[in-house]
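# any chance you can model this:
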Amino acid sequence: MKIIHSHSEKQNQPDYILLINFVALIVLGLIILSSASYFMACQEQGDCYFYLKHQLLRGILPGLFFFFLFYFFDYKKLKKVALFCLPLTIILLVSVFIPGLGFAKGEARRWINLGFLFQPAELAKLAFIIYLSAWLTKHQANIKSFKEVFWPFLFFLVIISGLIISQPDLGTLIVFVVISVAMYFIAGISFYQLGILFFSFLVAITAMIKMAPYRLNRMITFLHPESDPWGIGYHVNQAIMAVSSGGWFGRGLGYSARKIYYLPEVVSDSIFAVLAEELGFILTAAVVVLYLFLTYRIFRLALLNKDMFARLLSAGLGFLFIFQAMVNMGAMLGILPLTGIPLPLIGYGGTNFVIFCAAFGILANISKQTTIEEKVKKR
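The predicted structure follows:
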């Protein structure tokens with residue numbers, strides 16, 4: 001009877017360290033967004049807090065709704081609906097091509113117009129992680145089988161990759177591939193199969209570069225950003241100058257010089273460069289540590305869990321979080337190519353923010369149940 005009573009007492013105790021750091025990152029994001037967007041909002045919108053208000057309305061409010069929705073929703077029930085997540089992923093990726101619904105910016109078709117712009121690929125990432133977690137768990141006993149697991153896995157990846165490249169969105173494709181392979185690796189893929197996937201990925205990247213030469217230009221710019229500082233290398237060079245001009249202690253919040261006339265996409269892709277210029281190396285390093293610590297708590301949750309579905313789901317969401325952060329930061333530091341991937345929970349953009357809030361709601365629910373199992377077992 002004592003155990004049942006203790007079990008009940010522990011039901012509402014998730015990983016508070018994870019949640020405190022999650023909230024801290026959101027608050028930091030709002031502060032940096034307010035600073036990064038202030039001048040541009042005054043000039044372009046006539047409202048100096050336009051982007052901050054939009055982030056609160058279209059990011060924070062729906063984000064909190066979905067966080068609490070998944071926080072109180074038993075993650076084990078996601079396994080029951082996971083079968084529908086694969087067709088949902090495909091429908092989301094196809095929706096951008098539907099006339100009257102899809103919205104294009106230049107040659108890119110990555111959004112749908114629902115009265116507001118929504119990027120289906122962001123939701124597709126979450127849906128596919130849920131599906132893959134359930135599917136790999138179901139086939140755990142035959143995880144190294146080519147017929148039952150490897151070839152179907154590769155088939156899923158090829159279909160999804162084809163849809164993403166058609167948009168085109170190489171950055172999102174890389175995120176899908178890296179996270180999927182990482183989850184497969186955790187589930188127990190053989191090194192031989194891993195080698196086949198790696199070789200296939202290199203062949204696919206080479207083919208995509210040949211089909212669209214601008215991708216090769218991006219690679220050349222990454223290797224030699226100084227070769228065309230006012231053309232294709234402009235964004236990278238401006239980001240590097242912004243980061244380096246911050247020094248040890250930064251110019252001060254609100255005093256970035258590069259955000260005013262030079263740095264492109266200051267509220268989204270380049271917000272980390274603004275952060276580094278205003279806060280300086282020491283505080284920027286602290287932000288990086290915050291991302292790493294959050295990732296540690298997520299992977300710790302995955303390792304503590306004996307439920308393979310929970311382990312794969314936690315790990316997949318952890319890879320999604322840290323990989324996007326690393327790619328964005330790396331691009332602003334000039335150590336990775338530009339891909340247009342936003343910085344999780346800090347950059348402006350409702351869809352990406354809401355999806356990560358939902359992801360952390362799932363993680364909180366998993367941590368709540370993991371805590372229960374650990375403490376009951378000790379008794």
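# rest of the way, CA atoms for contacts and neighbours
Fine.
# what's the neighbour count on residue 308?
Residue 308 has 19 neighbours, counted by other CA atoms under 10 Å.
# so who does it touch?
Neighbour list for residue 308: residue 137 [criterion: CA atoms under 8 Å, 6 or more residues apart in numbering].
# same deal with residue 40?
The contact partners of residue 40, taken as CA under 8 Å, 6+ apart, are 48, 260.
# can you give me the distance of it to residue 312?
From residue 40 over to residue 312 the distance is 41 Å, taken as CA to CA, to the nearest Å.
# which SSE is residue 280 in?
Element membership for residue 280 (DSSP states H and E) is helix 271-304.
# can you check residue 177 too?
Per DSSP H and E, residue 177 falls inside helix 170-187.
# which helices and strands sit right next to that helix?
Applying 3 or more CA pairs under 8 Å, 6 or more residues apart in numbering; DSSP states H and E, we find helix 170-187 packed against helix 120-138, helix 151-165, helix 191-211, helix 308-333.
# could you redo these as TSV and give each row mean pLDDT and distance to residue 358?
Shown next, in TSV, are these (pLDDT from 0 to 100; distance: least, CA to CA, whole Å):
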stretch	mean pLDDT	distance to residue 358
helix 120-138	91	9
helix 151-165	87	22
helix 191-211	79	30
helix 308-333	92	10
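# so can I have TSV of those helices showing distance to residue 15?
Converted to TSV, those look like this (distance: least, CA to CA, whole Å):
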stretch	distance to residue 15
helix 120-138	21
helix 151-165	32
helix 191-211	33
helix 308-333	13
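# would you mark the buried spots in stretch 322-342?
Within stretch 322-342, the residues that count as buried by 16 or more other CA atoms under 10 Å are 322-329, 331-334, 336-342.
# what helix or strand does residue 13 sit in?
Residue 13 belongs to no helix or strand, assigned by DSSP H and E.
# so residue 311 makes contact with residue 317?
No - here residue 311 does not reach residue 317: they are 10.1 Å apart, not a contact under CA atoms under 8 Å.
# of the helices and strands packed on helix 170-187, which is nearest residue 235?
With CA to CA as the criterion, residue 235 lies closest to helix 308-333 of the helices and strands packed on helix 170-187, at 8.7 Å.
# just the angle for the closest one relative to helix 271-304, thanks.
Relative orientation of helix 308-333 and helix 271-304, computed by axes from the mean of the first three to the mean of the last three CA atoms, to 10 degrees: 160 degrees.
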